[in-house]
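[1] Turn this into a model:
(one chain, ligands or ions: 2)
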Amino acid sequence: MAEHHHILVTGGAGFLGSHLVDRLLADGHSVVCLDNLFTGKAANIAHLKNNPRLHFIEHDVITPLSLKVDMIYNLACPASPVHYQADAVRTLKTSVLGAINMLDLARANNARIFQASTSEVYGDPDVHPQPESYWGNVNPHGIRSCYDEGKRCAESLFFDYHRQYGVEIKVARIFNTYGSRMHPQDGRVVSNFIVQALRGEDLTIYGDGQQTRSFCFVDDLIEGFVRLMNSKPEVTGPVNLGNPNEFTMMELAEKVLHLTSSNSKLVYLPLPLDDPQQRRPDISLAQTLLDWEPKIQLENGLVKTIAYFQSLKG
Ligand code: NAD
Ligand code: UDP
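    Ligands and ions are numbered 1, 2, ... in the order given. Predicted coordinates for the structure are as follows:
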């Protein structure tokens, strides 16, 4: 019989967190979902409210807490540029103090801890695609640095707690992920284009639309999370998790217009500062260590995501 754990998910009412909570409960675990509801919503986990194995705590990871758990997934942090730049100092505190508090909790419980790191640690990369061995090209004081440097510092903390105190760590570097429960106003490109197309509004292309991203569907990513968490103790990461198929923002806009049968037009707006020009994960490590790779291609994932945003309109 599979072993059942008592698991803390920080940021569990957010986009990725709520999908992870669904998966962990379905696998039979008990879950404490912790969130300060900054960008997350109670509605994202409302369908689970009668599940006796789920417990919700409204709490900010900036403040320490004491709890009995044997696994921690640390996802708490606003993820979209609009939200993480709204209060940059708080974003840094969430990444850095949140990491310290959750690592202290892991240490006190002898628990294994997973960190939701990001492809942003590579910044505007001059190596393509990005392998985990690449150290990145990050502006340390630009408008994205509260997020990029906060996540880089969190990685340092994870590895120092591992080396210094023997805490068992799992660090995932997540590349752009999309799916249901994305915040409709968080300004990320997939949600923006879908919402705009469904409303018949212009699709906002920043810059010339030739910058690239690689989009992973949420179900594929969550499978990667679980495999990494359950990997052998010597597997610490960092491990890239993402879909290696790369698209320009122009290609994405065309796909969304086609799949929504929308008559929306394109409008060109200035490229935000420090916007990375290209991004694609090298996932060889995840393939080797976790036997993992994404299965859901962009069109199929977009169809599901469009259906979700359509359901919000009704
Ligand atoms: P999200 O904004 O939907 O989720 C973040 C959650 O954390 C929200 O529920 C929010 O309320 C909560 N939160 C924020 N600050 C908090 C705090 N101080 N204390 C407690 N809770 C707090 O974003 P997401 O896309 O689900 O991202 C989840 C994690 O994955 C983040 O750490 C993000 O950096 C990382 N990530 C996501 C992506 C992606 O494409 N979605 C890519 C790379 C990394
Ligand atoms: N983008 C865009 N139109 C939008 C929102 C974003 O062209 O309405 C671009 C943005 O400039 C970036 C890419 O899409 O080049 C991905 O942006 P997102 O905010 O989703 O993620 P990140 O930049 O953090 O990868």
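
[2] give me the number of residues near G150?
    23 (other Cβ atoms under 10 Å). C-beta here means a position set from N, CA and C on the backbone, and glycine is covered the same way.

[3] Helix or strand: which one has the nearest residue to Y165 once chain neighbours are set aside?
    Nearest non-adjacent residue to Y165, counting by Cβ to Cβ, 6 or more residues apart in numbering: R107, 5.5 Å away. Taking DSSP states H and E as the definition, R107 sits inside helix 88-109.

[4] Average pLDDT for that helix, rounded please.
    The average pLDDT for helix 88-109 rounds to 98.

[5] rewinding a little: spit out the contact partners of the residue nearest to Y165.
    Applying Cβ atoms under 8 Å, 6 or more residues apart in numbering, we find R107 in contact with Y161, Y165, V167.

[6] List buried residues within those residues.
    Taking 16 or more other Cβ atoms under 10 Å as the criterion, what is buried in the contacts of R107 is Y161, V167.

[7] now the contacts of R107 as CSV including pLDDT?
    Formatted as CSV, the contacts of R107 follow (pLDDT from 0 to 100):
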residue, pLDDT
Y161, 98
Y165, 98
V167, 98
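
[8] From the contacts of R107, pick the one nearest ligand 1.
    Minimum distance to ligand 1 across the contacts of R107 is 17.5 Å, recorded for Y161 (Cβ to the nearest ligand atom).

[9] correct me, but the closest one touches V171?
    No. Counting by Cβ atoms under 8 Å, V171 is not a contact partner of Y161; they are 11.2 Å apart.

[10] what residues does the chain put near ligand 2?
    Applying Cβ under 6 Å from any ligand atom, we find that the chain lies next to ligand 2 at 80-81, 176, 187-189, 192, 204-206, 211, 213, 249, 271-272, 275.

[11] Which members of those residues occur in strands, if any?
    T204, I205, Y206, R213 (DSSP state E).
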